[in-house]
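Engineer: Give the three-dimensional model of this entry:
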Amino acid sequence: MRTFDDDILTHITKSGVNISETEFVKLDNEEMPYSKNWCPLNIPIHTVAEEVDLNYYIDMIINYFYECSQKNLLEHEFEYISTAVDIKLARKLVLKTSSHQAHNIDDGREQLKASEERLLRHLITAYMPQLTDLYNQYATFTKNEEVPFKATLIRLFLWQLLRDIGLPHQGITLVETDLFLANNPSSCVESDHYPFEPIYLWQFLQSLIGCCWLLFLQTKEEKFDCYTNGIIAQMFRQFLEYTVFPNAGKFEGSALTDYKDLLPIKPVYKMYLNIGEPHTVRDFLYQTCAKKGKNPPCYAAIKDDTKLRKQNGNNAVMLGHKIMFLEGKPNLLMNILHPVLLLKKKNTDLFSVSLYTFRSLGKRKIVYCMAKVCPKIFTDDGSVDMEYKLTFLEFYEIVLQCTYEKVERKRRIEEKCKQKEFMLLMKESETEQEKR
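Structural biologist: Take a look at the predicted model:
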């Protein structure tokens, strides 16, 4: 009891009056570095997921179309605006308002909002079995066998889904999707980008609806001929049918599949945090490339008393959503890709414990590795967007790509040396035969 923090009790008692019997308190995790505040989150636990609060997105979408109609920017889209109430009511919404029409327009917007919300909930209910299966698939895809419990998705796995369905290829960054979900006051997420934060099913639905809207804003290619099906519901249905379901399960990349146990993931995350969460392409290059003719800073070098050893095992989730690395049998991939530091050769790279170990690749090759993970870092004119922000998953994938390129370069150099040695031996044998 001596170590108990009195401030924690103070914060709990202050907000305790807002907690009902059907809600539980989700306090901040001490391992989460960027928790927003100490205020408990009131999360209903007896409400079905399809009853999730959608007001934030519905208001945003209706306001967007309304403002565009006022500016006469999207007249062709308003020809298809949907409503289950009187069509004249919807037409009032898109007309320019005047002082004597303001009250009618406000009533029309409220009725249109109620109609759109009802139709969107009907659609979510209809697709709930597929959405639940998708949630469970990505909550457990790192396990080869079926888990005997109900797993919870984490943000790291949600990023994997968003990569698989191709959002980064459409110009929507993972950082952008995080912020869009965090800005929703009803999402109750505790951080913006923490990769190991649990994402519950209702938050998963909110994230998908937000991504659907971001994709529409990016492309604006869909046309909605749905007077009775709801424009938001129709938009979300097309997003599920043509973007999510056909592409889910492709598992792009290898950080969470083939190489998920290559390294303890928490130390890799700490390396990511040392640069920044999130950090830009510029920040990553600054931590990997030294100036020409100069060595990296001395503090990044291996110290004489540093004890390095290989770690073989598996990343696992224990009780309380805590990530641990359970040491076990030797990992073949670890033996191939991990730097051979224990041998202490004279030519051992002193900076092999930092990202400066990739400096030999050069800036151009590192940018090439980054583009394989984040193709949109190249702008339309072919230049590199140095302010493109990277999530932890993208950072890890880029590190693996750079590791592969470094190993391949070393292999090619060794092959050339062996070929030269072989050619020298052949020449020596030929000269000996000629002498005979």
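
Engineer: The nearest residue to L123 once chain neighbours are set aside: neighbour count?
Structural biologist: For L123, ignoring the flanking residues on the chain, the nearest one in space by Cβ to Cβ, 6 or more residues apart in numbering is A233 at 4.3 Å. For glycine as for every other residue, the C-beta is placed from the backbone atoms N, C-alpha and C. For A233, the count of nearby residues is 23 (other Cβ atoms under 10 Å).

Engineer: Who are the packing partners of whichever strand or helix holds A233?
Structural biologist: Under the criterion DSSP states H and E, the helix or strand holding A233 is helix 231-239. If contacts are counted by 3 or more Cβ pairs under 8 Å, 6 or more residues apart in numbering; DSSP states H and E, helix 231-239 sits against helix 55-70, helix 102-126, helix 201-219.

Engineer: The second one vs helix 55-70, what angle?
Structural biologist: Put simply, helix 102-126 runs at 130 degrees to helix 55-70, going by axes from the mean of the first three to the mean of the last three Cα atoms, to 10 degrees.

Engineer: State the mean pLDDT of helix 102-126.
Structural biologist: For helix 102-126, the mean pLDDT works out to 80.

Engineer: coming back round to it: where does the residue nearest to L123 land on pLDDT?
Structural biologist: 91.

Engineer: and the gap between it and Y138?
Structural biologist: 24 Å (Cβ to Cβ, to the nearest Å).

Engineer: How about M370, nearest residue that isn't a chain neighbour?
Structural biologist: I398 (5.2 Å).

Engineer: Packing partners of the strand or helix carrying that neighbour?
Structural biologist: For I398, the element it lies in under DSSP H and E is helix 392-435. In terms of contacts (3+ Cβ pairs under 8 Å, 6+ apart), helix 392-435 is packed against helix 155-164, helix 265-275, helix 281-288, helix 332-337, helix 363-373.

Engineer: Report the separation between K270 and P264.
Structural biologist: In terms of Cβ to Cβ, K270 sits 10 Å off from P264.

Engineer: So which of the two has more stuff around it?
Structural biologist: For the pair K270 and P264, the greater number of neighbours falls to P264 (18 against 11), based on other Cβ under 10 Å.

Engineer: Buried by neighbour count: which residues of stretch 167-184 qualify?
Structural biologist: Residues of stretch 167-184 classed as buried: 167-168, 172-182, 184 (neighbour count, 16 or more other Cβ atoms under 10 Å).

Engineer: Can I get those residues in TSV including secondary structure?
Structural biologist: As requested, the buried residues of stretch 167-184 are arranged in TSV below (DSSP: H, G, I helix; E, B strand; the rest coil):
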residue	secondary structure
L167	coil
P168	helix
I172	coil
T173	coil
L174	helix
V175	helix
E176	helix
T177	helix
D178	helix
L179	helix
F180	helix
L181	helix
A182	helix
N184	coil
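
Engineer: what's the neighbour count on Y194?
Structural biologist: Burial of Y194 is recorded as 21 neighbouring residues (other Cβ under 10 Å).

Engineer: can you give me phi and psi for it?
Structural biologist: phi -60, psi 120 (degrees, to the nearest 10).

Engineer: and it, how far is that from F180?
Structural biologist: 16 Å.

Engineer: Now do K14, the pLDDT please.
Structural biologist: Residue-level pLDDT assigned to K14 equals 41.

Engineer: do P148 as well
Structural biologist: 78.

Engineer: What of P44?
Structural biologist: 54.

Engineer: Next: E67.
Structural biologist: pLDDT, E67: 75.

Engineer: my read: the residue nearest to L123 touches E116, true?
Structural biologist: Yes. At 7.2 Å, A233 and E116 qualify as touching, with contact defined as Cβ atoms under 8 Å.

Engineer: sec struct for L263, please.
Structural biologist: At L263 the chain is in coil, as set by three-state DSSP.

Engineer: Same check on E145?
Structural biologist: E145 - assigned by three-state DSSP - is coil.

Engineer: What's the local residue count around it?
Structural biologist: Neighbourhood size, E145 [other Cβ under 10 Å]: 6.

Engineer: With the one 5 residues further on instead?
Structural biologist: With neighbours defined by other Cβ under 10 Å, the count for K150 comes to 8.

Engineer: Need phi/psi at it.
Structural biologist: In terms of degrees, to the nearest 10, the main-chain angles of K150 are phi -90, psi 110.

Engineer: how close does the closest residue to it other than its chain neighbours get to A151?
Structural biologist: Spatial nearest neighbour of K150, excluding adjacent residues (Cβ to Cβ, 6+ apart): N136 at 8.0 Å. Distance, N136 to A151, by Cβ to Cβ: 7 Å.

Engineer: Kindly state the pLDDT recorded for the residue lying closest to I199 once chain neighbours are set aside?
Structural biologist: Counting by Cβ to Cβ, 6+ apart, L153 is the residue found nearest to I199 once chain neighbours are left out, at 4.7 Å. Per-residue pLDDT puts L153 at 92.

Engineer: Alright, calling it a day.
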